[in-house]
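# sequence plus the predicted model coming up.
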Amino acid sequence: MASTLSYDIAHLIGATVLMAGFALLYQRRLFAVLNTFSFQALALAAAAAWQAHIQDAPHLYFTAAIALVFKAMIVPFALHWLVERLGIHRTVETALSIGWTMIIGVALVALSILLVLPVTAKAAALTRESLALAMSVVLLGMLMMITRRNAVTQVVGFMALENGLILAAVSAKGMPLVVEISVAFSVLVAMTLFGIFFFRIRERFDSLDLNYIETFRGDRQ
Amino acid sequence: MTQLPPMLTPILWQMVQIMLALATAPLVTGYVRWLKARLNGRRGPSPLQPYRDLYRLTQKEAVVAHSASWVFHAAPYVVFASAWLAACLIPTFTTNIFLAPAADMIALVALLALGRFWLALAGMDVGTAFGGIGASREMLIASLAEPAMLMVTFSLSLVSGTTQPAQIAAYVLGGHIGLEVSVGLALAAMVMVAIAENGRIPIDNPATHLELTMVHEAMVLEYSGRHLAMIEAASMVKLTLYMALIACLFAPWGMAQPGAGPEGVLIGMAAFLLKLGTLSTALALFETAIAKMRVFRYADFLGGALLLGLLATIFLYVSEAV
C-alpha cells in the first residue's frame, strides 16, 4: 500500500509537469511563458527529488538540484534578460490558434499513451504511467516548437522537450548520473548558442519572427 | 433520546439539508464579498448583508416591462426552483438523504441547464439589447461548460462505477481511490467549470454593471423586487451548490454515512461548514489575484477545462491497463 502511494505521488508530480506543458501552450505573453517554464522545471525538480527518495538513489537529488538551479532559475532569468535586452514583442505569435494547439496536444497525449502501453508491456507496471507522462511532455515540447513563430518561445519549447526527457530518465531505475549531467550541460550550451543566435537574427532581420528567415532563404515568395 | 424509525431518518436529513442549502447560500456569498473587500483594503459590508438585501427585495414592488410575457414572470421561480432542487440532491453533511438515489450527476447537469435556459429566455423576452447580449454570452459559456462538466462526470463515474454523488462520495471515503492523476485532473476541470458557471472573475465579474463584460447581470437587468430576489437567491444557491459538489466528490471526509448517529451528523455538519469556509476563502483570494478575461478568450478557458476532463478519462485507461 505504501509503495502504491509513493508511486501515486510520483505520477501526480509527473502529471503536474505535463499540465505545465499544456499551460505553456496556453500562454499568450512571453513573460508568462517564461514563468510557466520555470514552474515546469520546479515540478521536474520535485519529481526527481521524489524519485530519489523512493528509489533510494541519492544521485537523483543531484539531478533535482541541477533542474532547480539551472532550469528553474538560470535559464528563465537569462531568457527574461534577453527578451528585455532585445526589446521583443511581449505577445506570443502562434502559427495555429491556441484552441487547436490544445486539441492537438491532447491527441498527442493519447498517442503517447497508445504507444507506450504496448511497447513497455514487460516493464514494471508502475513505471509505465510515468513513461507515458514523460513522452507526452516531450511531444508537447515539440508541438510548441512547431506552432510558435517567435524564436524565444521555440527555445522554451526545446527546453520543455528536454524536461520531458529528464522526467523519463528519473522515473526509469538505474539511469547513470553521467547522462543527466551531460544533458544538463548540453542544454546550457544550447542556451548560450541560442542567445548568440538571437542577437545575430535580430541584427540581420530586426525581428525574431522566423518567417523572415524563410523569405530570406526563398522558401516563401 | 427517542430513536426515529430507520425509514424516516433520510427524510429528516433531507429536510435539514433543504433548509441548510438555503440558509448558508447568502452567507457564503456575503463572506466572499466581505473577504474580497478586505483584501482590496476596503471595510466592506457585513457578511450578513445578502440576507438583508434579499429581505429588502422581497418587500419591494416588482416592476415589469409592458412588453414582458408570462415567460418573464415565470422565469425567476423556475430558475430558483431548479437551483434549489439541484442543491438538495447533493449530499452535504450526510450521504443518507432521501433524494440520494434519485440524485445523478447527469440529472444535476440537466437541472442546472434548465435554470440557465429559462434565464436566457427571460433575458430575451423583454427585447432589450442587454438582455439579448447577456443571453447569447450565457449560451456561449453554457455550450462550452456543459461538455466539460459531463466529461468530469464520466471520468469520475469510470473510477467509481456510478454517477450518483452519494455513492461516489462513499467510494472515495472507502479508500478505494489513491492519489490518482485522473482525479486531480478532474478536480482542476471541475473548478474551472464552477468558476465559469457561477460567473466568477476570470469569466464574468459579479460585482460590475459594465456593459462590455457583463453576462449574468445583463440578463437580469430588467428584474426588480421579488423577482430579482428569486434570481439573486438562485445564483447564491448555485455558488453554494458547486462548492458542495466539489466538497462532496473530491473531499468527502467527515461526511456522515448511512447508519451514523446524531454525533456523526454533527461532525458532518461541522466538516461541511469548514469546507465551505475554505472554498469561499480560496475563491476570494483567487478573484482578488486575477484579472477578468476577454469575452473571446472564454472558449480557450473552457476548452482547457474540457481538455482536462478528456485527459482525466484518457489517464484512467492507462491506470486501467496497468
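Cool, the structure landed.

# surely A:Ala134 touches A:Leu167?
Yes: using C-beta atoms under 8 Å, A:Ala134 is in contact with A:Leu167, at 4.1 Å. For the C-beta atoms, the positions are set from N, CA and C on the backbone; glycine is no exception.

# state the mean pLDDT of stretch A:6-24.
Mean pLDDT, stretch A:6-24: 87.

# just the buried residues of whichever helix in chain A runs longest, please?
Longest helix in chain A by number of residues, with DSSP state H as the criterion: helix A:177-205. Buried residues in helix A:177-205, defined by neighbour count with 16 or more other C-beta atoms under 10 Å in any protein chain shown: A:180, A:183-184, A:187-188, A:191, A:194-195, A:198, A:201-202.

# what's the lowest-pLDDT member of those?
pLDDT across the buried residues of helix A:177-205 is lowest for A:Glu180, at 68.

# over to A:Thr94: give its phi and psi.
phi -110, psi 150 (degrees, to the nearest 10).

# ok, now which ones touch it?
Going by C-beta atoms under 8 Å, 6 or more residues apart in numbering or on different chains, A:Thr94 touches A:101, A:147-149.

# so it bridges to which residues?
On the basis of DSSP bridges, A:Thr94 is bridged to A:Arg148.

# may I have stretch A:87-95 exported as CSV, CA atoms only?
Provided in CSV are the C-alpha atoms of stretch A:87-95 (Å, rounded to 0.1, in the frame of the first residue of the first chain):
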residue,chain,number,x,y,z
GLY,A,87,13.0,44.6,-26.8
ILE,A,88,11.0,41.8,-28.3
HIS,A,89,7.2,41.9,-28.6
ARG,A,90,5.7,40.6,-25.4
THR,A,91,2.9,38.7,-27.1
VAL,A,92,3.3,35.2,-28.3
GLU,A,93,2.6,34.8,-32.0
THR,A,94,1.2,31.5,-32.9
ALA,A,95,1.1,29.7,-36.2
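
# around chain B, pick out the residues from chain A.
With C-beta under 8 Å from any C-beta of the partner chain as the criterion, chain A comes near chain B at residues A:4-5, A:8-9, A:11-12, A:14-15, A:19, A:22, A:26, A:98-99, A:102-103, A:105-106, A:109-110, A:113, A:117, A:125-126, A:128-129, A:132-133.

# if you set the cut-off to 7 Å instead, what comes out?
By C-beta under 7 Å from any C-beta of the partner chain, the part of chain A that sits against chain B consists of A:4-5, A:8-9, A:11-12, A:15, A:26, A:98-99, A:102, A:106, A:109-110, A:113, A:117, A:125-126, A:128-129, A:132.

# for the stretch 101-250 of chain B, just list every one of the helices.
Along the stretch 101-250 of chain B, the stretches classed as helices by DSSP state H, counting those that start in this stretch are B:105-125, B:129-160, B:165-173, B:181-197, B:216-219, B:225-250.

# distance of B:Phe154 from A:Phe39?
29 Å (C-beta to C-beta, to the nearest Å).

# okay, and the common contacts of A:Ala134 and A:Leu167?
A:Gly14 (C-beta atoms under 7 Å, 6 or more residues apart in numbering or on different chains).

# which residue sits closest to the residue nearest the centre of chain B, ignoring its sequence neighbours?
Geometric centre of chain B, nearest residue: B:Tyr242, 2.9 Å, by C-alpha atoms, centre = their mean. In this structure, B:Tyr242 finds its nearest non-sequential neighbour in B:Ala194, 4.1 Å apart by C-beta to C-beta, 6 or more residues apart in numbering or on different chains.

# and for A:Glu162?
In this structure, A:Glu162 finds its nearest non-sequential neighbour in A:Val187, 5.6 Å apart by C-beta to C-beta, 6+ apart.

# quick one: that neighbour from chain B, how far?
Distance, A:Val187 to chain B, using C-beta to the nearest C-beta, to the nearest Å: 27 Å.

# correct me, but that residue touches A:Leu161?
No: using C-beta atoms under 7 Å as the test, A:Val187 is too far from A:Leu161 to be in contact (10.3 Å).

# of the buried residues of helix A:177-205, which pair is most distant in space?
The most widely separated members of the buried residues of helix A:177-205 are A:Glu180 and A:Arg202, with 32.8 Å between them, by C-beta to C-beta.

# give the buried residues for the helix or strand hosting B:Phe315.
For B:Phe315, the element it lies in under DSSP states H and E is helix B:298-321. When burial is assessed from 16+ other C-beta under 10 Å, helix B:298-321 yields the following buried residues: B:298-316, B:318-319.

# same check, this time on stretch A:92-106
For stretch A:92-106, burial by neighbour count (16+ other C-beta under 10 Å) applies to A:92-94, A:98, A:101-106.

# tell me the mean pLDDT for that stretch?
Across stretch A:92-106, pLDDT averages out at 83.

# how long is it end to end?
End-to-end distance of stretch A:92-106 (C-alpha to C-alpha, to the nearest Å): 21 Å.

# for that stretch, the distance to its chain's centre please.
Distance, stretch centre to chain centre, for stretch A:92-106: 16 Å (C-alpha atoms, centre = their mean, to the nearest Å).

# likewise stretch B:233-250?
On the basis of C-alpha atoms, centre = their mean, stretch B:233-250 sits 3 Å off its chain's mean C-alpha point.

# can I get the CA coordinates of that stretch in PDB?
C-alpha atoms of stretch B:233-250 as PDB (Å, rounded to 0.1, in the frame of the first residue of the first chain):
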ATOM      1  CA  ALA B 233     -31.100  33.800  -4.300                       C
ATOM      2  CA  ALA B 234     -30.800  31.300  -7.100                       C
ATOM      3  CA  SER B 235     -27.300  32.500  -8.000                       C
ATOM      4  CA  MET B 236     -26.300  32.300  -4.400                       C
ATOM      5  CA  VAL B 237     -27.600  28.800  -4.100                       C
ATOM      6  CA  LYS B 238     -25.800  27.900  -7.200                       C
ATOM      7  CA  LEU B 239     -22.500  29.100  -5.900                       C
ATOM      8  CA  THR B 240     -23.000  27.000  -2.700                       C
ATOM      9  CA  LEU B 241     -24.100  24.100  -4.800                       C
ATOM     10  CA  TYR B 242     -20.900  24.000  -6.700                       C
ATOM     11  CA  MET B 243     -18.900  24.300  -3.600                       C
ATOM     12  CA  ALA B 244     -20.900  21.500  -2.000                       C
ATOM     13  CA  LEU B 245     -20.400  19.400  -5.200                       C
ATOM     14  CA  ILE B 246     -16.700  19.800  -5.200                       C
ATOM     15  CA  ALA B 247     -16.500  19.100  -1.500                       C
ATOM     16  CA  CYS B 248     -18.700  16.000  -1.900                       C
ATOM     17  CA  LEU B 249     -16.900  14.500  -4.900                       C
ATOM     18  CA  PHE B 250     -13.300  15.300  -4.100                       C
END
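
# pLDDT of that stretch, averaged?
The model assigns stretch B:233-250 a mean pLDDT of 93.

# buried ones in that stretch?
B:233-250.

# ok so, going back, closest to chain B out of the buried residues of helix A:177-205?
For the buried residues of helix A:177-205, the closest approach to chain B (C-beta to the nearest C-beta) belongs to A:Glu180, at 24.4 Å.

# now residue 72: closest residue in space, sequence neighbours ignored.
No chain specified, so I'll use chain A. Nearest to A:Ala72 is A:Ala41, by C-beta to C-beta, 6+ apart, at 3.8 Å.

# looking at chain B here, not the other one
That would be B:Asp125: by C-beta to C-beta, 6+ apart, it lies 4.6 Å from B:Phe72.

# cool, thanks, talk later.
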